[in-house]
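Asker: The following comprises the amino acid sequence and a computationally predicted model.
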Amino acid sequence: MSGGLERGDRIAGERRVRADVCVIGSGAGGAPVAKELAEGGMRVVSLEDGGHFTTDDFDARPRNMVARLYRDAGQSATLGNVPIVLPLGRTVGGSTTINSGTCFRTPPPVLDMWGERFGLDELNAHELDPYFRRVERIINVVQVPPEIAGRNAEVVKRGADALGWHGDHIFRNVRGCVGSGVCAFGCPTSAKQHTGLTWVPQGWAAGATTFDHTRARRIVMSGGRARGVEATTSGGGRMVVDCDAVVVACGAIHTPLFLRRQGLGGHSGELGRNLAVHPATGVRALFAEEIDMARGVPQSFYIDEFADEGIMFEGAAGPPDYASMSLPFAGARHREAMLRFRNMSQFGLMVSDVSRGFVRERAGRAEIHYDLNEEDTATFKRGIELLTELYWAAGAEVVYTPVEGLGELHNGEIEPLRKRRVRARDLNALMAFHPLGTARADARPDHGVVDGGLKLHGCDGVDAADGSVVPSSIGVNPQITIMALSVRLAYGLLGKPAPREEPEPSSFARPRITRPHALTA
Ligand SMILES: Cc1cc2nc3c(=O)[nH]c(=O)nc-3n(C[C@H](O)[C@H](O)[C@H](O)COP(=O)(O)OP(=O)(O)OC[C@H]3O[C@@H](n4cnc5c(N)ncnc54)[C@H](O)[C@@H]3O)c2cc1C
Ligand code: SF4
């Protein structure tokens with residue numbers, strides 16, 4: 001079998017293939033390990049539930065693209081004391097195809113905490129540095145030039161500068177980004193270096209094969225170790241991959257469900273638990289000047305002044321159809337706000353959560369449970385107050401907070417917000433993009449699902465490599481943390497030393513995190 005794409009929607013009968021390793025999932029975790037193993041000489045077969053799309057398929061229309069690229073058309077959400085929309089990618093490239101491209105290394109204090117709490121001493125900043133360098137080179141992590149950062153970032157930077165708050169333009173995995181503003185719907189210019197444009201084709205060039213539209217159903221175990229994977233295709237076919245090792249990389253929502261279905265990874269009782277999501281919301285403001293959020297990189301600027309409190313502010317601009325979906329209004333008020341879209345700014349607030357949820361399967365579907373606790377709710381309130389303050393400093397005329405019943409704020413008002421008792425259910429339009437931790441790494445078999453090398457405790461030939469292994473909130477966007485861990489897993493499986501020859505990047509984002517906020521979780 002030579003490398004490349006095999007279309008699962010065209011496979012109707014029985015298919016049996018042989019590989020050394022079968023990788024399940026092709027997102028931030030699955031694609032790097034598949035590529036590295038193939039380059040290391042292993043026969044690799046990847047299975048991906050979603051379809052393969054090329055840049056020509058990306059028409060920049062949110063309504064079309066959400067249906068194609070997102071699981072459940074982007075409607076996945078949590079159950080709990082406040083609903084949180086939790087979109088997931090389902091395509092070759094996984095969620096990297098629809099993400100904003102923001103790249104932050106795991107903050108070193110968070111890695112230190114992993115050593116102390118989870119016995120993961122080997123995952124320190126020095127050990128991971130060569131893997132981060134390799135990831136950053138392969139996906140081309142560069143800083144957003146101010147010319148394409150957009151007016152949304154400009155006004156927010158103006159506010160931050162006036163208040164003396166630290167922030168900077170974001171580092172992203174792009175080549176030749178033109179600031180078209182639709183990263184969340186498939187980059188129509190091939191600028192965003194998602195895994196479907198980088199690790200996946202590089203894996204093909206080294207002989208790996210990806211079956212898209214193919215859902216892994218079961219790991220075949222024999223004598224206590226993995227011997228194969230059974231899968232079904234959307235074309236109605238059945239596949240068996242005979243292999244010696246399996247890497248599960250279905251993402252933090254589906255990896256624990258997949259493992260549990262066959263009784264793997266459950267002995268510590270931690271499988272499916274410890275779900276962190278980095279919940280987020282946005283504050284919006286109207287300005288006299290034109291902003292036009294549809295132009296420029298949607299997530300081009302961050303403010304980390306309050307990162308030690310668990311608060312990161314990151315750009316959250318987008319085209320009008322995107323903004324209209326997330327505005328916390330209805331009816332005439334919604335129409336009125338959208339008529340002033342060109343003068344509207346929106347900025348995101350992400351919380352490094354200490355709340356934890358869990359996932360389980362009900363009637364064949366993922367059920368995600370998550371209650372936002374009082375501490376995180378208070379962090380949200382503080383973040384909303386700060387963003388409101390920033391918008392006044394930037395010259396806003398009206399501020400819309402995502403707090404139920406608060407309405408608009410005018411003329412520098414902040415007291416109505418400060419005085420308000422905010423409960424979790426009072427927070428509007430919560431979203432989360434970073435599910436983590438449901439098969440967490442912990443050196444101790446009784447406390448985690450995988451060890452520091454990502455091998456499933458108590459089972460040979462099965463590793464996990466995706467957001468599920470990241471043992472805590474990290475306070476920054478996680479895609480390159482997941483990629484670095486995944487590359488390290490491949491090097492471990494190949495018995496290769498760390499790629500210390502990788503060139504040092506000229507710079508990368510170093511958020512001001514001096515202590516891990518999520519320490520108490
Ligand atoms: C809208 C959005 C914006 C984001 N922005 C950023 C950002 O700017 N920066 C950042 O760092 N992170 C961002 N993220 C998060 C980041 O993309 C994810 O953390 C990362 O992609 C997770 O990697 P993963 O491997 O765990 O899962 P995914 O990348 O989601 O990949 C999992 C893959 O497994 C497949 N799969 C699942 N079950 C099966 C099965 N049984 N058989 C076969 N295949 C299966 C899925 O279809 C999917 O393609 C964003 C996420 C979203 C949704
Ligand atoms: S802003 Fe840049 S990376 Fe995002 S979709 Fe447009 S060109 Fe692609």
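Answerer: Looks like it came in fine. Ligands and ions are numbered 1, 2, ... in the order given.
Asker: Now do the strands in the stretch 51-200 of the chain.
Answerer: 141-143, 167-169, 171-173 (DSSP state E, counting those that start in this stretch).
Asker: And the stretch 251-400 of the chain, by the same measure?
Answerer: 279-286, 301-303, 311-315, 344-351, 358-362, 365-369, 398-400.
Asker: how close does His278 sit to Pro62?
Answerer: As judged by C-beta to C-beta, to the nearest Å, His278 and Pro62 stand 22 Å apart. In short, each C-beta sits where N, CA and C put it, glycine included.
Asker: now swap in Arg425 and tell me
Answerer: 28 Å.
Asker: Just the endpoints, please. Distance across stretch 347-365?
Answerer: 33 Å (C-alpha to C-alpha, to the nearest Å).
Asker: Tell me the buried residues in it?
Answerer: 347-359 (16 or more other C-beta atoms under 10 Å).
Asker: quick one: that stretch near ligand 1?
Answerer: No. Stretch 347-365 lies apart from ligand 1 when judged by C-beta under 6 Å from any ligand atom; the minimum separation is 10.1 Å.
Asker: Please, where are all the helices along the chain?
Answerer: Counting by DSSP state H, the chain has helices at residues 30-39, 62-69, 108-118, 125-138, 150-163, 199-205, 254-261, 320-326, 331-339, 374-394, 415-419, 479-494.
Asker: got a pLDDT number for the residue of the stretch 401-521 of the chain found nearest ligand 2?
Answerer: Nearest residue of the stretch 401-521 of the chain to ligand 2 (C-beta to the nearest ligand atom) works out as Gln479 at 13.6 Å. For Gln479, the pLDDT comes out at 98.
Asker: Pull the contacting residues for the closest residue to it other than its chain neighbours.
Answerer: The shortest distance from Gln479 to any non-neighbouring residue, by C-beta to C-beta, 6 or more residues apart in numbering, is to Ala28 (4.6 Å). Going by C-beta atoms under 8 Å, 6 or more residues apart in numbering, Ala28 touches 94-96, 195, 466-467, 478-480, 482-483, 486.
Asker: let's go with 6 Å and repeat that
Answerer: 96, 479, 482-483 (C-beta atoms under 6 Å, 6 or more residues apart in numbering).
Asker: do Ala394 as well
Answerer: Ala394 neighbours (C-beta under 6 Å, 6+ apart): 155, 158-159.
Asker: quick one: contacts for the residue minimising distance to the centre of the chain?
Answerer: Note on the chain: the residue nearest the mean C-alpha position is His434, at 4.2 Å, using C-alpha atoms, centre = their mean. Counting by C-beta under 6 Å, 6+ apart, His434 makes contact with 278, 478.
Asker: One more: His166?
Answerer: Counting by C-beta under 6 Å, 6+ apart, His166 touches Glu305.
Asker: per-residue confidence for it?
Answerer: pLDDT, His166: 96.
Asker: And it, how far from ligand 2?
Answerer: For His166, the distance to ligand 2 (C-beta to the nearest ligand atom, to the nearest Å) stands at 24 Å.
Asker: Can you give me the neighbour number for Asp308?
Answerer: By the criterion of other C-beta atoms under 10 Å, Asp308 has 17 neighbours.
Asker: How about Gln262?
Answerer: With other C-beta under 10 Å as criterion, Gln262 counts 14.
Asker: related to what we said a few turns ago, the more surrounded of His278 and Pro62?
Answerer: When His278 and Pro62 are compared for neighbours, His278 comes out ahead with 23 against 20, by other C-beta under 10 Å.
Asker: Pretty sure that one sits against Met350.
Answerer: Yes. Assessed by C-beta atoms under 6 Å, His278 is found in contact with Met350 at 5.3 Å.
Asker: Pull up the residues of the stretch 251-400 of the chain that are close to ligand 2.
Answerer: Val297.
Asker: Where does the stretch 251-400 of the chain get nearest to ligand 1, residue-wise?
Answerer: Ligand 1 sits closest to Gly251 of the stretch 251-400 of the chain, with a gap of 3.3 Å, by C-beta to the nearest ligand atom.
Asker: who's in contact with the residue nearest to that residue when sequence neighbours are not counted?
Answerer: Nearest residue to Gly251 in three dimensions, chain neighbours excluded: Asp466, at 5.3 Å (C-beta to C-beta, 6+ apart). Listed by C-beta under 6 Å, 6+ apart, the contact set of Asp466 reads 29, 249, 251, 255.
Asker: between the contacts of Ala28, which is closest to ligand 1?
Answerer: So of the contacts of Ala28, ranked by how close each gets to ligand 1 (C-beta to the nearest ligand atom), first place is Gln479, at 3.1 Å.
Asker: so what's Asp321 closest to, chain neighbours aside?
Answerer: Pro62 (4.9 Å).
Asker: dump the residue contacts of the one you found.
Answerer: Contacts of Pro62 by C-beta under 6 Å, 6+ apart are 185, 321-322.
Asker: Relative to Arg175, how far out is the most far-flung residue of the chain relative to its centre?
Answerer: Relative to the centre of the chain, the most outlying C-alpha is that of Asn411, 36.7 Å out, by C-alpha atoms, centre = their mean. Here Asn411 is placed at a distance of 45 Å from Arg175 (C-beta to C-beta).
Asker: How about Gly115?
Answerer: Gly115 is 35 Å from Arg175, by C-beta to C-beta.
Asker: In this structure, where is pLDDT below threshold?
Answerer: 1, 518-521 (pLDDT under 70).
Asker: That one - how does it break down into domains?
Answerer: Listed domain ranges for the chain are 14-71+90-140+192-274+436-503+510-520, 146-174+278-352+373-429 (source: automatic domain parsing).
Asker: Redo the ones you listed as JSON lines? Include distance to Arg365.
Answerer: Listed next are these as JSON lines, based on distance: least, C-beta to C-beta, whole Å:
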{"stretch": "domain 14-71+90-140+192-274+436-503+510-520", "distance to Arg365": "9"}
{"stretch": "domain 146-174+278-352+373-429", "distance to Arg365": "22"}
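Asker: Quote the end-to-end distance of stretch 315-322.
Answerer: 14 Å.
Asker: what's the spacing between it and its chain's center?
Answerer: Distance of stretch 315-322 from the chain centroid (C-alpha atoms, centre = their mean, to the nearest Å) equals 18 Å.
Asker: For that stretch, buried residues please.
Answerer: Per 16+ other C-beta under 10 Å, stretch 315-322 contains these buried residues: 315-319, 322.
Asker: and if you look at stretch 377-395?
Answerer: 377, 379-394.
Asker: Return the residues of the stretch 251-400 of the chain in contact with ligand 1.
Answerer: Near ligand 1, when you scan the stretch 251-400 of the chain using C-beta under 6 Å from any ligand atom, you find 251-252, 254, 258, 299.
Asker: Most neighbours of all those residues, which one?
Answerer: Of these, Ala252 is surrounded by the most neighbours, 31 neighbours in total, counting by other C-beta under 10 Å.
Asker: Identify the residues contacting the closest residue to Ala162 other than its chain neighbours.
Answerer: Take Ala162 and drop its neighbours on the chain: the residue closest to it by C-beta to C-beta, 6+ apart is Ala393, 4.2 Å away. By C-beta under 6 Å, 6+ apart, Ala393 lies in contact with 159, 162-163.
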